[in-house]
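Novice: coords below, sequence missing:
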């Protein structure tokens, strides 16, 4: 979705130059983005970090994967992350307990003039024609996540909504934000946007199932979770509901001395 559609084949938007020496991918997941960046910049050191050891064992020589909790408030980051040209975060900040601490440590570890780039969802469904808004059933799920689930796991799904101002307050400069209105479902008349809508629906549907399996952490019983899931899927599949999500891109620079 991001690389092929939203970013039009680019790996990132921050102007890091043609010869970055260190790029860090926080919350790297399976590590695919880190591997792609390593191919594009073979002279750069690429570090991917995640809580889970799910990355490939065989990697290019300029890639290394680390398993650690960078959200630990009592354990400072090691020097391996220091002097990075780029810190990359995608779908990470809403799922950690201390997102501002993550951003502060990124600022501290970037080299002067280095960049942070963040990709995330703003959890609010909207439409241009009034067919989708606050009454969309996925907002019920967001409300449940804001309640018992976030109390248990420390999520803050609304953190990205004010990310640009947060970065400025922390001392980042040259903050740029790009908002992408991505359709959900097959309703759009333009072929490219319809394809993006299919991908968006697939991603959100998979995430929906993952969340509702743990319905007790959302304060729902099994029957309530099943009904909510069905209501959301029905809305996704209704071509009369022209729902869109805000897929947010933000990049900002650490000031030069």
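Specialist: In hand now; what should we look at? From a predicted model like this one, the values you see are computed outputs, not experimental measurements.

Novice: Which elements pack onto the helix or strand encompassing residue 204?
Specialist: Using DSSP states H and E, residue 204 falls within helix 191-213. Here helix 191-213 touches helix 138-144, strand 173-183, helix 222-237, going by 3 or more CB pairs under 8 Å, 6 or more residues apart in numbering; DSSP states H and E. Just so you know, the C-beta spots here come from the backbone N, C-alpha and C atoms, and that holds for glycine as well.

Novice: what's the most buried one of those?
Specialist: helix 138-144 (a mean of 18; mean count of other CB atoms under 10 Å).

Novice: can you put the helices and strands packed on helix 191-213 in CSV and add mean pLDDT and distance to residue 71?
Specialist: Below are the helices and strands packed on helix 191-213 laid out as CSV (pLDDT from 0 to 100; distance: least, CB to CB, whole Å):
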stretch, mean pLDDT, distance to residue 71
helix 138-144, 95, 22
strand 173-183, 97, 23
helix 222-237, 97, 28
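
Novice: follow-up on the earlier one: for the helix holding residue 204, which residues meet the burial criterion?
Specialist: The neighbour-count check on helix 191-213 (16 or more other CB atoms under 10 Å) flags 193, 195-197, 199-201, 203-205, 208, 211-212 as buried.

Novice: Among these, which one sits closest to residue 86?
Specialist: residue 203 (24.4 Å; CB to CB).

Novice: Neighbours of residue 130, how many?
Specialist: 8 (other CB atoms under 10 Å).

Novice: And residue 137, by the same measure?
Specialist: Neighbour tally, residue 137, other CB under 10 Å: 17.

Novice: which one is it nearest to, not counting chain neighbours?
Specialist: Excluding its sequence neighbours, the residue lying closest to residue 137 (CB to CB, 6 or more residues apart in numbering) is residue 231, at 4.0 Å.

Novice: Now do that neighbour against residue 238, distance only.
Specialist: From residue 231 over to residue 238 the distance is 11 Å, taken as CB to CB, to the nearest Å.

Novice: now swap in residue 102 and tell me
Specialist: Residue 102 is 37 Å from residue 238, by CB to CB.

Novice: and the nearest residue to residue 111 once chain neighbours are set aside, what is it in contact with?
Specialist: Spatial nearest neighbour of residue 111, excluding adjacent residues (CB to CB, 6+ apart): residue 83 at 4.2 Å. Contacts for residue 83 (CB atoms under 8 Å, 6 or more residues apart in numbering) come out as 21-22, 109-111, 114.

Novice: Alright, I will stop here.
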